[in-house]
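Trainee: how would this look folded up:
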Amino acid sequence: MDVETARSQPILELRVHGVSNTPPEGMLDLDPDEVERADGDGLGSFWAPTAEAEARGRAAAPGTLRHIPPGVRREAYSWGAMARIGGVPGGRVLGAVARVAVRAAWALLTPLGLANVAYWARPVHDPRRPGAAGPEPTAAATRVFALLLTLLLTAAVTTAAIDTLGTQCMRQARRLAGAVVVDVCARVPEQLYWLARWDHGPRTGLLSAVPVVVIVALVLVAQSARVRFDGRVSTVRGGAVPGARPGQSGLLLHRPGFWVRKDAGADLLLVHLGAAVALVALLVSWTARPGATQRVVAACAAVVLGVAVVLVALRTDDNGVEVGHPVPAGGHPEDPPTGPPTRHGGVRSVLAAGVAGLGVAAWVAAWVAAADRAGVVPDHVGVDAAPSVLGTALAAIATSGLVWRYGAWARVWWAVPVVATAAVGAVVLGAPDAWTTPLVVTAIVALAVPAAAALVAWVQNLRPHEGWDGAGPGVFLLLSAAGAAVLSALVVLGVQWWLRGSSARQLALDPVEPGLTVPVLRRIDAPVTVDVPPAYTEFGAWSVVILLVFVVMGVMVLGPALYEWARRACRWVPVAPRTCGDLDGPSGWAFREIRDGEFEETDGRRHHRDGHQPVDSDMSVVVRRVQRARRLAALLHRAEAAVGGLAVASWVALAAAIAWRVPGEPDAAGFFVLPQWSLGITVPVLGAVAAGIVGGAVAGGAGNLARPFGILWDLMGFLPRSAHPFGPPSYAERAVPELRARVDGWLSGADLPAYDDATRARRRTVARDRRVVLSAHSLGAVIAAAVLLIRHGNPVDDRDARLPGRVGLLTYGVQLRPYFSRFFPELLGPRVLGVPWCGRPAWRGDPWRWEQPPARAALANPAGTSPEPTSLHEILREGSDGRRKVPAWVNLWRRTDFLGFPAVGYGWNPVDRGAEEVDRGSYLFAVASHSAYPRTLAYQRALQEVVDRLDDREWLDSYPTLCETAAWWRPAPAADAGTPLAEAQPWRPVVAGSPGGY
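Mentor: Down below sits the predicted model:
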């Protein structure tokens, strides 16, 4: 860009898309051939209109579609490929089957991603407090939970490969009619007959490589999805600026290096790999009649597993960055290290490599030991015991997570997984029959205690400002544990059913050459009995319970709202306060009809703005469609309640799997016997789950490698991968530094020529007048908030670029307050955003009715959650002269948006505005929901308002004829611009006497 053009365009409007992965042309509302890439690569890129499209936009009249205001350069930042497209080597030449397999593998990573989400939902303490540099109990428990997920998957694949296929479906050789034959299940492919001719020992050793290969494949899939970015840029723009003084606040998103990819993740990866291969060695060597070598190998493998648990529990990067360096006297963990470099990282790396090496050595030894025991049919005791012990440990840690946020008793709650796992382990390892019932009851009680505490907290609403009343970590862990249990059962029971066969008998004899070949008897007696460890059958049977309980909870939680949405006469959902729209454009007739049909509800009675009481027949077709869209959005706004119901179903299923046992399995844990009919529907239900996974993998997988469950993946991939190294990678570790680099580069004039003193002086002059407006949609608003927080906590060296009051925020369709603020209080809670806290949605009617004035006198924060002076709201109130002002932040939302909410509150406030509920760019009438915000007139007005606030000017509305400024909701009295939002005056509605906006 030349200097003259830069002088005429001092404002950068930088649009950031959300979870829908809107393409650049969609963000800029242009045709694909009207945009061009200004910078970036195939994963992250900045786009701008072509010269012709830009000229048309500047020539368009204010208020019309695609209008570009004077002095504004419009760009779009596209980051969706980081979260949706896989960088699998050879991905361009993969066939359709291979692409489906890769997408199915990504679907298997979903429970691992939920473990990472739970890690950041736990209580993360202020790093300035004493002892913050040491291991933290909840972080240790989450990482142990993640390790157990890896082990459960390993155990499932080991069971399917070694026990089901290698032992039960390939029997011991025997003589038949003078020949040596081997019985195999009929559905074993002929390509595996060579393996059936081997003795059990060598075959077991070879098949033990299958789970190792599967784990390595998952590692490759996860690692191939890592977002590539220049490490130097990532380090500097991610906050770890060499020599810079980090901020003194305790906010996590201010911490230096929070968004920098951590090299320490390789240590965690090695530990998981070592533990997985050690478990394979243990399961192969742990038989009913082990040899001396197998005993030694099993003991060594158990030691490796114990060391792995200790290593993951003692990690010290509990807040996203390493804090293990020595803290000087009078300092705190955020200060740069002043002493010699710590050796903790090197020691940990050596230990991790040692665990991996020992695990591999134990596996090789187990392979050799199994091969040496020719003629012995193994009875794998460990294969039967492992899923019960691992499943109980996962359920217990997840249940204890329900109460992690209730105080400083995290270490006490460690007793829950210890007691429950020990009790179930004693039962499956052969405790006397008289002890079975007391031990199982002990395990159930251990699970019930934290669950009861969480239930009491929910009933009493003890932590109303947090998701599920503070049970967020446990909710995510329960979903992860249940998902892992169902997937493991799907692997084992699916292989079991595939190998059973039908009622026929076929003899297939290969050509016999004495001493060289062994004939194979392919038999499928009606049907072949293939046993699996009872734990997998229990997991599968109780997956039905998950579905049933979820349906019941859904009816209880969503039933009233669903009824109100479906019936003809229903509760009125009001319009978003301060909504305005285009009165004279092509869609003006629809906006006027919606405005004139708006009702207000006072004291339980509904009346029109002119005072008369309406009936449902008064509503026009347009108003009916808008009201139906509002009710549907209100129904979907209860997502927190739906997820909570699924977590309850998961807990019931996991606990019931301990208390119940499979018929005919006296050695299994549990004192109730599953009914036979439940076993009959287990595989069909799991088959439906498998069909859903495969269907999701096939959908969209024929032409690209976009990941399944895209929106869920986007949410999981935002957070750093700190719990499970196989989980979805954090695209924010590139997106946040990359977006920050563009902001800082614009403010410092890095795009302008500077080859001598004169040009450098001109560049500084132009750069000082520059401003940036981050225009962010949905999840893009979370990325934008992270950019603003990390910039403030870790300013760059350029003096002009770090001046306050130069970056504004325009958000729309966001979930900052009701989702991210409630689910991740330490990351984006009320004190971090600087906004009033948000309670849980109501079960009936308008889910947020108690947040609307005058139902609540004041939206104050609860004790202990006062906003930080460096919160997002306070950062946006900083003026270039150091004075506080109205925040340079405007948020747009609609009542018809199923994923959009106000950023501050439902009453009048200086941030939130309503956007029209009509898509102005649609040829036919369409109710706008979560998209098309930049097409609205409210967006153009909001952009101008943010720019005026940045320049500390009184807002000058350029569109008074298109959208009258009279507001239906007005402050009474108006909150002072210098008053924090948490201390604002009570808000109440006032009916405006003049028509126009509402």
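Trainee: buried stuff in the helix or strand that contains Leu151?
Mentor: Assigned by DSSP states H and E, Leu151 falls within helix 137-158. Buried residues in helix 137-158, counted by 16 or more other C-beta atoms under 10 Å: 137-158. Using the backbone N, CA and C atoms, a C-beta is placed for each residue, glycine as well.
Trainee: just the helices in the stretch 551-700 of the chain please.
Mentor: Counting by DSSP state H, counting those that start in this stretch, residue ranges of the helices within the stretch 551-700 of the chain are 588-596, 621-636, 639-659, 676-698.
Trainee: mean confidence for the last one?
Mentor: Averaging the model's pLDDT scores along helix 676-698 yields 68.
Trainee: could you point out which element follows that helix?
Mentor: Immediately after helix 676-698, counting by DSSP H and E, sits helix 710-718.
Trainee: list the helices and strands the next helix or strand along the chain from that following helix packs on?
Mentor: Using DSSP H and E, the helix or strand that follows helix 710-718 in sequence is helix 732-748. Helix 732-748 is packed against strand 11-16, strand 72-78, helix 231-237, strand 771-777, helix 779-793, with contacts defined by 3 or more C-beta pairs under 8 Å, 6 or more residues apart in numbering; DSSP states H and E.
Trainee: What is the helix or strand just after helix 732-748 packed up against?
Mentor: Past helix 732-748, further along toward the C-terminus, the next helix or strand under DSSP H and E is helix 757-768. Contacts defined by 3+ C-beta pairs under 8 Å, 6+ apart place helix 757-768 against helix 3-8.
Trainee: got the contact list for the helix it packs on?
Mentor: 71, 749, 751-753, 759, 762-763, 766, 769 (C-beta atoms under 8 Å, 6 or more residues apart in numbering).
Trainee: rewinding a little: which stretch among the helices of the stretch 551-700 of the chain comes nearest Trp404?
Mentor: Closest approach to Trp404 among the helices of the stretch 551-700 of the chain is made by helix 639-659 (14.3 Å; C-beta to C-beta).
Trainee: So for the helix or strand harbouring Val296, what gets flagged as buried?
Mentor: Val296 is located in helix 292-313, with elements delineated by DSSP H and E. Residues 293-294, 297-298, 300-302, 304-305, 307-309, 311-313 are the ones in helix 292-313 that count as buried (16+ other C-beta under 10 Å).
Trainee: coming back round to it: in TSV: the helices of the stretch 551-700 of the chain, plus mean neighbour count and distance to Trp286.
Mentor: TSV is the format used below for those (neighbours: other C-beta atoms under 10 Å; distance: least, C-beta to C-beta, whole Å):
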stretch	mean neighbour count	distance to Trp286
helix 588-596	19	69
helix 621-636	19	49
helix 639-659	22	22
helix 676-698	15	27
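Trainee: Next up, the contacts around the nearest residue to Met170 once chain neighbours are set aside.
Mentor: Of all residues not flanking Met170 in the chain, Ala196 sits nearest, at 4.4 Å (C-beta to C-beta, 6 or more residues apart in numbering). Shown in contact with Ala196 (C-beta under 8 Å, 6+ apart): 170, 182, 184, 188, 203, 520.
Trainee: which one of those residues sits closest to Gly467?
Mentor: Taking C-beta to C-beta as the measure, Val188 is the one of those closest to Gly467, at 48.7 Å.
Trainee: so the closest one makes contact with Trp498?
Mentor: No: at 9.7 Å, Val188 does not count as touching Trp498 under the criterion of C-beta atoms under 8 Å.
Trainee: Which one's more surrounded, those two?
Mentor: Using other C-beta atoms under 10 Å, the more surrounded residue of Val188 and Trp498 is Val188, with 19 against 16.
Trainee: Without its sequence neighbours, what residue ends up closest to the more buried one?
Mentor: Per C-beta to C-beta, 6+ apart, closest to Val188 is Cys169, 5.7 Å.
Trainee: on that earlier part again, distance to Arg631, pLDDT and secondary structure added to the contacts of Ala196, as TSV?
Mentor: Putting the contacts of Ala196 into TSV (distance: C-beta to C-beta, whole Å; pLDDT from 0 to 100; DSSP: H, G, I helix; E, B strand; the rest coil) gives the following:
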residue	distance to Arg631	pLDDT	secondary structure
Met170	59	80	strand
Val182	65	75	strand
Val184	59	80	strand
Val188	55	81	coil
Arg203	61	82	helix
Val520	64	65	strand
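Trainee: Based on its surroundings, how many neighbours for the residue nearest to Val188?
Mentor: By other C-beta under 10 Å, the residues close to Cys169 number 24.
Trainee: what's the spacing between it and Val381?
Mentor: In this view, Cys169 and Val381 are 19 Å apart by C-beta to C-beta, to the nearest Å.
Trainee: same question, Thr579
Mentor: 67 Å.
Trainee: cool, Thr442 as well?
Mentor: Distance from Thr442 to Val381, by C-beta to C-beta: 23 Å.
Trainee: Please apply the same query to Thr437.
Mentor: Thr437 is 22 Å from Val381, where distance means C-beta to C-beta.
Trainee: Neighbour count for these two, which is higher?
Mentor: Val381 (18 against 12).
Trainee: what's the pLDDT at Tyr549?
Mentor: Small correction: residue 549 is Val, not Tyr. Predicted confidence (pLDDT) for Val549: 72.
Trainee: Looks to me like it is in a strand.
Mentor: No: with DSSP: H, G, I helix; E, B strand; the rest coil as the criterion, Val549 is assigned helix and is not in a strand.
Trainee: how about the nearest residue to it once chain neighbours are set aside, what does it touch?
Mentor: Spatially, and ignoring its direct neighbours in sequence, Val549 is nearest to Ala649 (3.5 Å; C-beta to C-beta, 6+ apart). Residues near Ala649 by C-beta under 8 Å, 6+ apart: 482, 545-550, 553.
Trainee: could you dump these to a markdown table with distance to Ser400 and neighbour count?
Mentor: Shown next, in a markdown table, are the contacts of Ala649 (distance: C-beta to C-beta, whole Å; neighbours: other C-beta atoms under 10 Å):
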| residue | distance to Ser400 | neighbour count |
| --- | --- | --- |
| Ala482 | 16 | 28 |
| Val545 | 21 | 18 |
| Ile546 | 20 | 22 |
| Leu547 | 25 | 16 |
| Leu548 | 25 | 14 |
| Val549 | 21 | 20 |
| Phe550 | 22 | 19 |
| Met553 | 22 | 20 |
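Trainee: Which single one of those is nearest to Val685?
Mentor: Lowest distance from Val685 to the contacts of Ala649 (C-beta to C-beta) belongs to Leu547, with 7.0 Å.
Trainee: Hmm, Ala688 and that closest one touching each other?
Mentor: No: assessed by C-beta under 8 Å, Leu547 is found out of contact with Ala688, at 9.1 Å.
Trainee: just to revisit the earlier point, average pLDDT for the helix holding Leu151, rounded please.
Mentor: 93.
Trainee: Please export the C-alpha coordinates of stretch 62-77 as PDB.
Mentor: Provided in PDB are the C-alpha atoms of stretch 62-77 (Å, rounded to 0.1, in the frame of the first residue of the first chain):
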ATOM      1  CA  PRO A  62     -24.700   4.800   2.800                       C
ATOM      2  CA  GLY A  63     -27.000   2.200   4.200                       C
ATOM      3  CA  THR A  64     -27.000   0.000   1.100                       C
ATOM      4  CA  LEU A  65     -25.600  -3.500   0.800                       C
ATOM      5  CA  ARG A  66     -21.800  -3.700   0.300                       C
ATOM      6  CA  HIS A  67     -21.300  -0.100   1.100                       C
ATOM      7  CA  ILE A  68     -17.700   0.700   2.300                       C
ATOM      8  CA  PRO A  69     -17.600   3.800   4.400                       C
ATOM      9  CA  PRO A  70     -15.000   6.500   3.600                       C
ATOM     10  CA  GLY A  71     -11.600   6.000   5.200                       C
ATOM     11  CA  VAL A  72     -12.200   2.300   5.800                       C
ATOM     12  CA  ARG A  73     -10.100  -0.600   4.400                       C
ATOM     13  CA  ARG A  74     -12.100  -3.800   4.600                       C
ATOM     14  CA  GLU A  75     -10.400  -7.200   5.100                       C
ATOM     15  CA  ALA A  76     -11.500 -10.700   6.100                       C
ATOM     16  CA  TYR A  77      -9.400 -13.200   8.100                       C
END
